[in-house]
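# my questions concern the predicted model and sequence given below.
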There are 2 protein chains.
Amino acid sequence: MTLSAEVKGVDLAADVERMEEPAVSEPEHRRLGRAPSTTHAEISHTALRLFMDRGFDQTTIDDIAREAGIGRRTFFRYFASKSDLPWGHFDVLLDRMRQHLASMSDDLPLMEQLREAIVEFNRVPETEWAYHRRRMDLLLHVPTLLAHSTLRYASWRQVVAEHVARRLELPEHDLIPQTMAWTCLGVCLAAYEQWLADEESTLIDLLDEAFRLIDERIDTSTVQAHRSASM
Amino acid sequence: MTLSAEVKGVDLAADVERMEEPAVSEPEHRRLGRAPSTTHAEISHTALRLFMDRGFDQTTIDDIAREAGIGRRTFFRYFASKSDLPWGHFDVLLDRMRQHLASMSDDLPLMEQLREAIVEFNRVPETEWAYHRRRMDLLLHVPTLLAHSTLRYASWRQVVAEHVARRLELPEHDLIPQTMAWTCLGVCLAAYEQWLADEESTLIDLLDEAFRLIDERIDTSTVQAHRSASM
DNA sequence: TTCACTTCGGCACTGAGTGTCATTAGTATC
DNA sequence: GATACTAATGACACTCAGTGCCGAAGTGAA
């Protein structure tokens, strides 16, 4: 580990702490074997700082590994690809959203369930708003990352489609749940863009607003007829 | 050029002819310089045959270049990346869709315009149905291609959003046109999946059906109120 | 200390994609 | 036909992402 990397490591300590998953408390000591020399979050932060400074394409894995004070080979044990770096604990959040949806009373209209769950999914501590904004800017505007994100969005849509299918008693692969999931994703991404375009805006508010607007435009009454025809 | 490549070249002649853009008639003779030794379509067909035989990831650019009887470097003058291979003349089709939408009477309801334009966009000569099916199967089920497709879909959505914005007299970046474009994309992709899952089905019919179904569920009446509020 | 175990990181490799440049194969002009 | 001009080609060398392999380095327990 180079001197500069050690300095940077200290530099980032506070940020890294904030990003550790708060839900799962780590076992205090690993039973066996050599202790990990870094963390998911530390590498991620180092990398994103470089991305923001000099651009995604101008940053190599070697740069990141050097800056993080780890070997190149070690990098790939923490992240499967360069494009995975900005995603944080997406899987954890997604699981949380799935549980949130499942735990909701079905007395609520479907679109209200979705709105609330999706807004919660996108909630971020106020201390990280600035960071989150720059992170999302990368994800939405760097072509490589934009392309890669498709695969993550597929899991996200799956969660939405599953819930819609259950609520409407339709098969998961049916057109309605699938399209509804695409629409929700579209609403989110359109709201993200509006948020990124206006420094003063708040993501949560924009999302809530967007879903309320769309809600008015989607009428679920014809689903009944469709369901009996398609099953 | 190897012997086997020459044989394959003859083999593919018929297919290549079919895939040449029918709209733009080639100038009979190039004015100046060395004549191209191959075509976009020939490389694409060679590559797709390999992808279908042994898989996308198992096929290297070297394989494709060798099989097409061209140099590796030449390949990259015809295609910017391996992922661009299955896309055919997407830009041309997209332009055609843009023109189609622009040429439509605005007496038609918006969703009918979109349905017709999008269905036409997806029309393919019956002789190519089998080929088209395998091509779409690659595009939708190979992760690398799926990710890459995001960038193409962005242009496609742009065309839809532009039209919706014009029709509803909303800014292009507004939530409604953006979400509408995402929804249309979602409907298409959901219909593609249904089509691929059922050998007997017809893409055009499924798309038409899907858009008619969604149409019933989207009510544009509230747009008026939104427009005056957001402009 | 030794063992079992886990992480680390160096090395060599594959494959995508790019910059450079000499070569080749056409067309136009003399 | 010889020459000049032009455009496509393909060889070479290079960068960078990502992978397989394997020995070395830590760490807790016996």
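Received it, and whenever you're ready, just let me know what you need. Residues are numbered from 1 along each chain as shown, chains lettered A, B, ... in the order given.

# quick one: is the helix or strand A:Arg166 falls within near chain B?
A:Arg166 is part of helix A:143-168 when elements are defined by DSSP states H and E. Yes. Applying CB under 8 Å from any CB of the partner chain, one finds helix A:143-168 touching chain B at A:Pro143, A:Leu146, A:Ala147, A:His148, A:Ser149, A:Thr150, A:Leu151, A:Ala154. (C-beta placed from N, C-alpha, C; glycine too.)

# tell me what that helix is packed against?
helix A:90-103, helix A:110-121, helix A:129-141, helix A:175-197, helix B:143-168 (3 or more CB pairs under 8 Å, 6 or more residues apart in numbering or on different chains; DSSP states H and E).

# quick one: which of those is nearest DNA strand D?
DNA strand D sits nearest to helix B:143-168 of all the helices and strands packed on helix A:143-168, at 10.0 Å, using CB to the nearest atom of the strand.

# and that closest one, which residues are buried?
Judged by neighbour count using 16 or more other CB atoms under 10 Å in any protein chain shown, the buried positions of helix B:143-168 are B:145-150, B:152-153, B:156-165, B:167-168.

# can you name the residues of chain A sitting close to DNA strand D?
Chain A comes close to DNA strand D at residues A:29-35, A:59-62, A:72-73, A:76, A:80-83, as judged by CB under 7 Å from any atom of the strand.

# so which of those residues are in strands?
The strands, defined by DSSP state E, take in nothing from the residues of chain A next to DNA strand D.

# quick check on these: which are buried?
For the residues of chain A next to DNA strand D, buried by 16+ other CB under 10 Å: A:Thr59, A:Lys82, A:Ser83.

# identify all contacting residues around stretch A:53-63.
If you take CB atoms under 8 Å, 6 or more residues apart in numbering or on different chains as the criterion, stretch A:53-63 is touched by A:Ala47, A:Leu50, A:Phe51, A:Arg72, A:Phe75, A:Phe76, A:Lys82, A:Leu138, A:Val142, A:Thr144, A:Leu145.

# how about a cut-off of 10 Å?
Residues from elsewhere that reach stretch A:53-63, judged by CB atoms under 10 Å, 6 or more residues apart in numbering or on different chains: A:46-52, A:66-67, A:72, A:75-76, A:79, A:81-83, A:85-86, A:138, A:141-145.

# report the distance from it to the chain centre.
Remark: stretch A:53-63 is offset 22 Å from the chain centroid, using CA atoms, centre = their mean, to the nearest Å.

# pLDDT and distance to DNA strand C added to the residues of helix A:143-168 next to chain B, as TSV?
Below are the residues of helix A:143-168 next to chain B laid out as TSV (pLDDT from 0 to 100; distance: CB to the nearest atom of the strand, whole Å):
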residue	pLDDT	distance to DNA strand C
A:Pro143	98	11
A:Leu146	98	15
A:Ala147	98	10
A:His148	98	13
A:Ser149	98	17
A:Thr150	97	16
A:Leu151	95	16
A:Ala154	98	21
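
# and those residues as a markdown table, adding distance to B:His100?
Formatted as a markdown table, the residues of helix A:143-168 next to chain B follow (distance: CB to CB, whole Å):
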| residue | distance to B:His100 |
| --- | --- |
| A:Pro143 | 28 |
| A:Leu146 | 27 |
| A:Ala147 | 28 |
| A:His148 | 32 |
| A:Ser149 | 30 |
| A:Thr150 | 27 |
| A:Leu151 | 32 |
| A:Ala154 | 30 |
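
# list the buried residues in stretch A:170-186.
Within stretch A:170-186, the residues scored as buried using 16+ other CB under 10 Å are A:170, A:174-186.

# can you tell me how far A:Gly55 sits from DNA strand D?
11 Å (CB to the nearest atom of the strand, to the nearest Å).

# what pLDDT does that residue get?
A:Gly55 carries a pLDDT value of 98.

# residues near it, how many?
Look at A:Gly55: counted by other CB atoms under 10 Å in any protein chain shown, it has 11 neighbours.

# same thing with A:Phe79?
When neighbours are counted by other CB under 10 Å, A:Phe79 registers 17.

# can you verify my assumption that it contacts A:Thr39?
No. Between A:Phe79 and A:Thr39 there is no contact under CB atoms under 10 Å: 11.6 Å.

# from the buried residues of stretch A:170-186, which are also near DNA strand C?
Okay, of those, nothing touches DNA strand C (CB under 7 Å from any atom of the strand).

# out of the residues you listed, who's nearest A:Arg123?
A:Cys184 (16.2 Å; CB to CB).

# can you pull the contacts of the closest one?
Listed by CB under 10 Å, 6+ apart, the contact set of A:Cys184 reads A:111, A:114-115, A:117-118, A:156-157, A:159-161, A:164, A:211, A:214, B:179, B:182-183, B:186.

# distance check, it against A:Ala102.
Distance, A:Cys184 to A:Ala102, by CB to CB, to the nearest Å: 17 Å.

# mind checking pLDDT for the spatially most central residue of chain A?
A centroid search over chain A (CA atoms, centre = their mean) returns A:Phe90, at 4.5 Å, as the residue closest to the centre. With respect to pLDDT, A:Phe90 scores 95.

# next: A:Arg227.
Looking at A:Arg227, its pLDDT stands at 51.

# which residues of chain A lie near DNA strand C?
A:1, A:30, A:32-38, A:70-74, A:77-78.

# among those, which one has the lowest pLDDT?
Lowest in pLDDT among those is A:Met1, which has 29.

# quick one: low-confidence parts of chain A?
A:1-30, A:216-231 (pLDDT under 70).

# could you list the domains of it?
Using automatic domain parsing, the domain parsing of chain A gives A:3-28+A:36-81, A:89-221.

# burial measure for A:Arg54, as a count.
11.

# need the contact list for the residue nearest to A:Ala102 when sequence neighbours are not counted.
Spatial nearest neighbour of A:Ala102, chain neighbours left out: A:His163 (7.6 Å); criterion: CB to CB, 6 or more residues apart in numbering or on different chains. If you count contacts by CB under 10 Å, 6+ apart, A:His163 has them with A:97-98, A:100-102, A:104, A:110, A:113-114, A:117, A:172, A:177, A:180-181.

# which of those tops the neighbour count?
The most crowded member of the contacts of A:His163, judged by other CB under 10 Å, is A:Met180 (31 neighbours).

# restricted to helices, list the contacts of stretch A:53-63.
In helices, defined here by DSSP state H, the members of the contacts of stretch A:53-63 are A:46-52, A:66-67, A:72, A:75-76, A:138, A:141, A:143-145.

# show me what contacts A:Lys82?
A:Lys82 sits next to A:47, A:51, A:56-57, A:59-61, A:64, A:75-76, A:144-145, A:148 when contact means CB under 10 Å, 6+ apart.

# roughly how far apart are it and B:Thr150?
Counting by CB to CB, the gap from A:Lys82 to B:Thr150 is 17 Å.

# same check, this time on A:Leu207
21 Å.

# again, but for A:Ala68
29 Å.

# now swap in A:Thr59 and tell me
21 Å.

# A:Cys188 too?
15 Å.
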